[in-house]
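Novice: I would like to see how this sequence folds:
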Amino acid sequence: MPPPVERIVFFDGVCHLCSSAVRFIIKNDPKGHFRFAALQSKTGESALHDHGIPNDLSSIALVESDRDGAAALRSTAALRIARRLRFPWPLFYVFIVVPRVLRDPVYNWIARNRYKWFGKSEMCMMPDPAVADRFL
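Specialist: Predicted coordinates:
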């Protein structure tokens, strides 16, 4: 039997929008497909190097063990995450056919303004004890 697929979502741990997105993923991922790590954590810092994740912290990243550890970034990561969530969120995966060159500018615009629109914390979010085992 092949080993289970590990999927790790790397996120900006001080960004309110990003932390809300992690809580949303947890709520809509009853099968527990995803684990999480803040890019500011030791695991996140290691991932920056190991998986070629940009260190500007403006992108969510998804590393899937069944994809040779290559990181999906920005809109591609968001769509691959949506594909594994409960209905209706997998329907958004249809947008993967839109070229990344068209999808990512929208993602980048939101990422550039996320602190201004949603705020940021002085420290990384602390996971709820009920799901703490999903955080690296």
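Novice: Helices of the chain, residue ranges please.
Specialist: 16-27, 42-50, 74-84, 100-118 (DSSP state H).
Novice: low-scoring pLDDT stretches of this structure, where are they?
Specialist: 1-5, 57, 69 (pLDDT under 70).
Novice: Spatially central residue for it, please.
Specialist: V9 (3.8 Å; CA atoms, centre = their mean).
Novice: Quick one: residues contacting that one.
Specialist: V22, I25, F34, R35, F36, A37, I60, A61, L62, A77, I81 (CB atoms under 8 Å, 6 or more residues apart in numbering). No exception for glycine: its C-beta is placed from N, CA and C like everyone else's.
Novice: Looking at neighbours, which among those residues is most surrounded?
Specialist: The residue in the contacts of V9 with the most neighbours, by other CB atoms under 10 Å, is I60 (28 neighbours).
Novice: Now for that one: which residues touch it?
Specialist: V9, F10, F11, D12, C18, A21, L73, R74, A77, A78, I81.
Novice: try it again with 10 Å
Specialist: 9-12, 15, 17-18, 21-22, 25, 39, 53, 71-78, 81, 107, 111 (CB atoms under 10 Å, 6 or more residues apart in numbering).
Novice: List only buried entries from these.
Specialist: Among the contacts of I60, those classed as buried by 16 or more other CB atoms under 10 Å are 9-12, 15, 17-18, 21-22, 25, 39, 53, 71-78, 81, 107, 111.
Novice: what's the neighbour count on F87?
Specialist: 7.
Novice: didn't it look like it was pressed against P30?
Specialist: No: using CB atoms under 10 Å, F87 is not in contact with P30; the gap is 11.3 Å.
Novice: if I look at T76, how far off is P54?
Specialist: 13 Å (CB to CB, to the nearest Å).
Novice: shared neighbours, those two?
Specialist: In contact with both T76 and P54: A61, using CB under 10 Å, 6+ apart.
Novice: what sits against the residue nearest to V106 when sequence neighbours are not counted?
Specialist: Distances taken as CB to CB, 6 or more residues apart in numbering place S75 nearest to V106, at 7.3 Å, with adjacent residues excluded. By CB under 10 Å, 6+ apart, the contact set of S75 is 59-60, 95-96, 98, 100, 102-108, 110.
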